[in-house]
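In: this is a predicted model, with the sequence first.
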Amino acid sequence: MLRAPALALGLLSLSAVAWGCTRAPKPAAAAAAPSNVIVILVDTLRADKMGTYGYQKRPTTPNFDRFAKGGVVWENTISQNAWTVPSVASLFTGVDPQAHRALNFKQGEKLATDTISDAHDTLAESFKGRGYSTLAWIKSTVISTSHGYSQGFDKFEIVGGKDQAWGHSARDLNDAAIPGIKAAHTAGKPFYAYLHYMDPHSPYKAPEPWYSKYKGSYTGSMDGAHVQLEAAFKAGTVTAADWEHELALYDAEVEYWDTQFGRLWGELEAAGVTKNTLVLVTADHGEAFGEHQNVFHGHLYQENIRIPMVMRGPGVKPGRMAADAQSIDIPPTLAELFKLPKGRVWQGKSMVGAMGGGAGHTDVLYSEYAGHRAAIEPSTRLKLILGDGPCKLFDLKADPLERTNLCASRPADMARIKAGMDQRFAAAQAIGKTYGQGKADAVSPEQCEMLKALGYLDADEPCEAIKNDDDGHGK
């Protein structure tokens, strides 16, 4: 945990930020540097279901697309895990899942939550160490104070309301966060805020009129419920019409979130907050609808680990960043932009130079889930997946949908990428052994009900806590 003393803040000098220019900006430009930061995470949001990333079937994200045109669009960003708890832990700590070890919520037939060790240096602690107010509004009860996620936050609110991950979930979050952000802005102290939306996570039941708008003429039995789709998928009875309907209901959730994002941006803009605030929008993972014989999340194909990432604010030159990036790059990127103390073992790389057209990663990009591991080699765009059945190797340039397995025909490529994967895995495990793991906590009744509603647990699953003997697989 960072314990740097609070320091007096001045406006950031943009001369420290390389936007591909040959000369430093004029001194007057420094006045436009951002004072505040808002990081927005949209749970289960696929990049390829947004207009900014080329989606044309339905106009799901008009507000976000307008926002993105004024910022830097990170075109190829990978999440470090295929479900929320470890993915968000990596975003907060800047390290891979094996390093922070917040992997499991279930062991056998009982429940116990892995936690982030207090020894880790979180992004919130970095901002707090520089005198920022640190605030969080979260709709997911699986991200809570009992998991160690609140390290460094002055305010950490799990937003209630009738709907947690469906209905007017995003509206409820905005109702809490917008007044809080405005108050922080008028207080005059710089702030770092984290907002965690649950749309478009299953069940895919957007409020009206979005649900009916996308239901269309479908006459089948699927209504967006998680347990219903999961049971039909396991039974092999999901039809092509069912898949199309579920995708439409997912898009309805995305569009509903987009309207609330438009509300958030509009109200903050009207209040003057956006004039000196950097806003970063991303996701924790994506979602599958039958691709690669999968449904929901919990695998390592691109539909699940490729996530959106857009950064907009004063001093940020609009454009598209082609360099590959990862979720764990967010902490070092913001640390460079805001001159924050870096975490002692952050594994991410600052993308400030890459946003200006410079080089990104040369080492492999990495993701994992439940003993499965994936690595992407930036120079070749080759992707290796191990642990999920036979070895899989894909050429993402020629085969972005990952349909042709090259593992048997290109053993040298497989071996080279595996070596990078193994090195990354070993480095994270070494950090994990050194920094340890937070004490396991019982799952609260609210968290248990949320896990059931989201489809992670069966309806009759017992909500009991046991001693944490993490096997490192993150199941």
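Out: Yes, it's here.

In: contacts and neighbour counts: CA atoms only from here.
Out: Fine.

In: where does the stretch 351-475 of the chain dip in pLDDT?
Out: For the stretch 351-475 of the chain, residues meeting the criterion pLDDT under 70 lie at 439-447, 449-475.

In: what do you get for the stretch 1-150 of the chain?
Out: 1-33, 104-113, 145-147.

In: grab the nearest non-local neighbour of residue 191.
Out: residue 133 (4.4 Å; Cα to Cα, 6 or more residues apart in numbering).

In: okay, and the beta partners of residue 157?
Out: residue 137 (DSSP bridges).

In: ok, the residue nearest the centre of the chain to residue 276 distance?
Out: Central residue of the chain (Cα atoms, centre = their mean): residue 284, 2.4 Å from the mean position. Distance, residue 284 to residue 276, using Cα to Cα, to the nearest Å: 26 Å.

In: give the buried residues for stretch 252-266.
Out: Buried residues in stretch 252-266, counted by 16 or more other Cα atoms under 10 Å: 252-265.

In: roughly how far is that stretch from the heart of the chain?
Out: Distance of stretch 252-266 from the chain centroid (Cα atoms, centre = their mean, to the nearest Å) equals 17 Å.

In: contacting residues around that stretch?
Out: If you take Cα atoms under 8 Å, 6 or more residues apart in numbering as the criterion, stretch 252-266 is touched by 45, 59-64, 170-171, 174, 178, 199-200, 204-207, 210-211, 213-214, 274.

In: at 7 Å what do you get?
Out: Stretch 252-266 is contacted from outside by 60-61, 63-64, 170-171, 174, 178, 199-200, 204-206, 210-211, 214, using Cα atoms under 7 Å, 6 or more residues apart in numbering.

In: what's the mean pLDDT across that stretch?
Out: Here stretch 252-266 scores 97 as its mean pLDDT.

In: ok, now stretch 283-290?
Out: On average, stretch 283-290 scores 91.

In: about what we covered before: mind checking which of the contacts of stretch 252-266 are in helices?
Out: 63-64, 170-171, 174, 178, 210-211, 214 (DSSP state H).

In: doesn't residue 350 make contact with residue 333?
Out: Yes - counting by Cα atoms under 7 Å, residue 333 does reach residue 350; the two are 4.0 Å apart.

In: how far off centre is the helix or strand where residue 234 lies?
Out: Per DSSP states H and E, residue 234 falls inside helix 226-235. Put simply, helix 226-235 sits 25 Å off its chain's centre (Cα atoms, centre = their mean).

In: equivalent analysis for stretch 361-381, please.
Out: 16 Å.

In: residues in contact with it?
Out: 79-82, 298-300, 324, 326, 382-388, 395-397, 417, 420-421, 473-475.

In: so how far is residue 233 from residue 226?
Out: 11 Å.

In: and residue 406, what does it touch?
Out: Neighbour list for residue 406: 392-394 [criterion: Cα under 7 Å, 6+ apart].

In: next, the angle from the longest helix seen in the chain to helix 226-235.
Out: Criterion DSSP H: the longest helix present in the chain is helix 240-270. Relative orientation of helix 240-270 versus helix 226-235 (axes from the mean of the first three to the mean of the last three Cα atoms, to 10 degrees): 140 degrees.

In: give the buried residues for the helix holding residue 234.
Out: Neighbour-count burial for helix 226-235 [16+ other Cα under 10 Å]: 226-227, 229, 233.

In: before we move on, what about stretch 267-278?
Out: Neighbour-count burial for stretch 267-278 [16+ other Cα under 10 Å]: 267-268, 273-278.

In: gap between residue 270 and residue 263?
Out: Counting by Cα to Cα, the gap from residue 270 to residue 263 is 10 Å.

In: err, residue 89, not the other one
Out: According to Cα to Cα, residue 89 and residue 263 sit 28 Å apart.

In: swap in residue 180?
Out: Between residue 180 and residue 263 the distance is 15 Å, computed by Cα to Cα.

In: and what of residue 97?
Out: 34 Å.

In: then residue 115?
Out: 34 Å.

In: ok so, going back, quick one: the residue nearest to residue 191 and residue 193 touch, right?
Out: No - applying Cα under 7 Å as the test, residue 133 and residue 193 come out as separate, 8.2 Å apart.

In: overlap in contacts of the two?
Out: Counting by Cα under 7 Å, 6+ apart, residue 133 and residue 193 have no contacts in common.

In: these two - which one has more neighbours?
Out: A direct count of neighbours by other Cα atoms under 10 Å for residue 133 and residue 193 places residue 193 higher, at 24 against 21.

In: how close does the closest residue in space to residue 64 that isn't next to it in sequence sit to residue 65?
Out: Once flanking residues are discounted, residue 64 sits nearest to residue 258: 6.3 Å by Cα to Cα, 6+ apart. Taking Cα to Cα as the measure, residue 258 falls 9 Å from residue 65.

In: which residues touch the closest residue to residue 326 other than its chain neighbours?
Out: Distances taken as Cα to Cα, 6+ apart place residue 78 nearest to residue 326, at 4.7 Å, with adjacent residues excluded. Listed by Cα under 7 Å, 6+ apart, the contact set of residue 78 reads 305-307, 325-327.

In: export those to JSON lines and tack on distance to residue 127 and neighbour count?
Out: Compiled in JSON lines, those are given as follows (distance: Cα to Cα, whole Å; neighbours: other Cα atoms under 10 Å):
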{"residue": "305", "distance to residue 127": "27", "neighbour count": "33"}
{"residue": "306", "distance to residue 127": "27", "neighbour count": "27"}
{"residue": "307", "distance to residue 127": "24", "neighbour count": "26"}
{"residue": "325", "distance to residue 127": "22", "neighbour count": "26"}
{"residue": "326", "distance to residue 127": "20", "neighbour count": "26"}
{"residue": "327", "distance to residue 127": "18", "neighbour count": "27"}
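
In: only whichever of the contacts of stretch 361-381 are buried, select them in ChimeraX.
Out: Remark: buried members of the contacts of stretch 361-381, expressed as a ChimeraX selection using 16+ other Cα under 10 Å:
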select :79,80,81,82,298,299,300,324,326,382,383,384,385,386,395,396,417,420,421,474
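
In: so which of the contacts of residue 406 are in strands?
Out: When the contacts of residue 406 are checked against strands (DSSP state E), the matches are 392-394.

In: of the residues you listed, which is the most crowded?
Out: residue 393 (27 neighbours).

In: show the contacting residues for it.
Out: Taking Cα under 7 Å, 6+ apart, we find residue 393 in contact with 382-385, 405-407, 414.

In: now, which of those residues sits nearest residue 138?
Out: For those, the residue nearest residue 138 by Cα to Cα is residue 385; the value is 31.9 Å.

In: how about the secondary structure of that closest one?
Out: What DSSP: H, G, I helix; E, B strand; the rest coil gives for residue 385 is strand.

In: would you mind measuring from it to residue 101?
Out: In terms of Cα to Cα, residue 385 sits 21 Å off from residue 101.
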